[in-house]
Every structure is written in C-alpha cells, then in structure tokens.
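# Structural data only, the sequence is not supplied:
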C-alpha cells in the first residue's frame, strides 16, 4: 500500500498506524483517504489482531486542516463529498474488526479528538490535552461524539468555550485507561495490544461488533444479540481450543 501521510507497521499480530503529516497531523482529504484505506485493509488482514493508532511528532492531531476549507464547496456536491469522506474516515476506525488502541502522544483537537473517541481503548501522555474548538472557527460539528463519553453539561462546556481538558481530568472522568510519561506511552500500548492478540481472534472480532451493535439496543435485545453470537462462536475451533487450553492450564494456540 502506497502511503504518504501515514505509516503502517505490523509486528507480532500488532499493527501500528502513525499519522504523519507535519507539523501537527492536520486532517485533509489526503490523510483521511489513506487512513480509511488502511483501516479497511486491517479489518481483512489475518496477520493483525490489534491496532495502535498514534501521531508523529508532538501532536496526535490538531484536527481538520482549515487551510483546505476555502477550496471546499466551489462546485456543487463538494461539501457533501467532503462530509462523507470525513464521516467514513471516523467510522473506518470504529468499525475496524480489530480493537484499536489510541496512544495519544500530544494534543488531540477538534477532529483529532473525534478520532480518539472512535478508538476502543485510550491511553494518553501526561502532558497531552483534548479540546473541541470548532466554535472558534465558526463551525459546529462533533457534539454527538462528545455526548457519547462526556456528560451533556460537560460536552456543552467544551463545545461552547473550546476549553482544553488535560490528561489527568480525562482519567478522572474514566475516559482513558492510563495517563503515562511520554516515553512509556507506546510500550504500554504494545503491552495491551499483545494481551489482546493472545485471545481468540474470532471472539475478539465479534466482541467488538457486539459493543458497536448493542449500544443502541434495549437491555433485553442487546443481551439476546450477544447470546446468539456466543452460540455461533461455541461451534468454532477457536472456542474449542480456548476451552481445552483453559482446562489444561496452558496458553491457547490459534491458527
């Protein structure tokens, strides 16, 4: 895959995706197209069981590239295509069949924060922060994403003021798994990804799909959906090997 604005490395069933668009990993059409292709490909790759998403340099992502805005909307349909690309980039992460760990190495602003919130597990460097300052450039987008994770009053405070929320506050609110010194961020992400990679890849795939599906279902319908998935998984060789390994007190071997 020919990539110019992000990097992809796969080692020991762990894919590391690094946004690499200096100086601040601002998101334009090019990086969104590349990243969407990358995450769609990772969903299909048997040699990948977990994904780490991070940014190059001092920023995770400073959000949408405002310099691109004047060129959007010059022709009929431009803005619709722009919005579709932006939307599908975010959902390519959320809908990736492999768990995605955000290793937030620096500021995640606007669309950068939205990118983080599409991931499954979040780690953050102790000197990083997040914000949603769309209002500062006269725009309004991302409310729904904030409301999935923050209380409505907090989401409104962030959106109406563009305030920066530091790493320690994100941990206090329960949004991030850990706040770490920058040097410890990627090792911890790889450690968690390694633990995920040891599990049944088929069960992990369905577990992630369960989370995405049952979020909007009632308690009864959501649990019934999960039971149906578990019933189907119980017939697979992956499940049989996991159960044999548990009984025999050894690590399972998934081929």
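Good, I have the coordinates. Here the structure is a predicted model, which is why all the values come from computation and not from measurement. Residues are numbered from 1 along each chain as shown.

# ranges for the helices of the chain?
29-44, 78-94, 111-117, 143-149, 152-161, 167-172, 182-197, 201-214, 219-233, 237-247 (DSSP state H).

# you'd agree residue 86 is up against residue 35?
No. If you go by CB atoms under 8 Å, residue 86 and residue 35 don't touch, sitting 11.0 Å apart. Glycine gets a C-beta too; all of them are placed from N, C-alpha and C.

# So which of those two has more stuff around it?
The neighbour comparison of residue 86 against residue 35 (other CB atoms under 10 Å) goes to residue 35, with 23 against 17.

# Next, the contact list for the more buried one, please.
By CB atoms under 8 Å, 6 or more residues apart in numbering, the residues touching residue 35 are 6, 17, 19, 89, 92, 93.

# now with 7 Å?
6, 89 (CB atoms under 7 Å, 6 or more residues apart in numbering).

# One more: residue 59?
Residue 59 neighbours (CB under 7 Å, 6+ apart): 24, 25, 106, 107.

# Any quick ChimeraX command for the buried ones out of those residues?
Remark: buried members of the contacts of residue 59, expressed as a ChimeraX selection using 16 or more other CB atoms under 10 Å:
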select :24,25,106,107
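
# Identify those among the contacts of residue 59 that sit within strands.
Members of the contacts of residue 59 lying in strands (criterion: DSSP state E): residue 107.

# Could you check the pLDDT of residue 72?
If you check residue 72, the pLDDT there is 63.

# Please spell out which residues along stretch 144-160 are buried.
Going by 16+ other CB under 10 Å, stretch 144-160 has these buried residues: 145, 146, 149, 150, 154, 155, 158, 159.

# Dump those residues into JSON lines; add pLDDT as well.
Converted to JSON lines, these look like this (pLDDT from 0 to 100):
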{"residue": "145", "pLDDT": "89"}
{"residue": "146", "pLDDT": "92"}
{"residue": "149", "pLDDT": "94"}
{"residue": "150", "pLDDT": "95"}
{"residue": "154", "pLDDT": "95"}
{"residue": "155", "pLDDT": "94"}
{"residue": "158", "pLDDT": "94"}
{"residue": "159", "pLDDT": "92"}
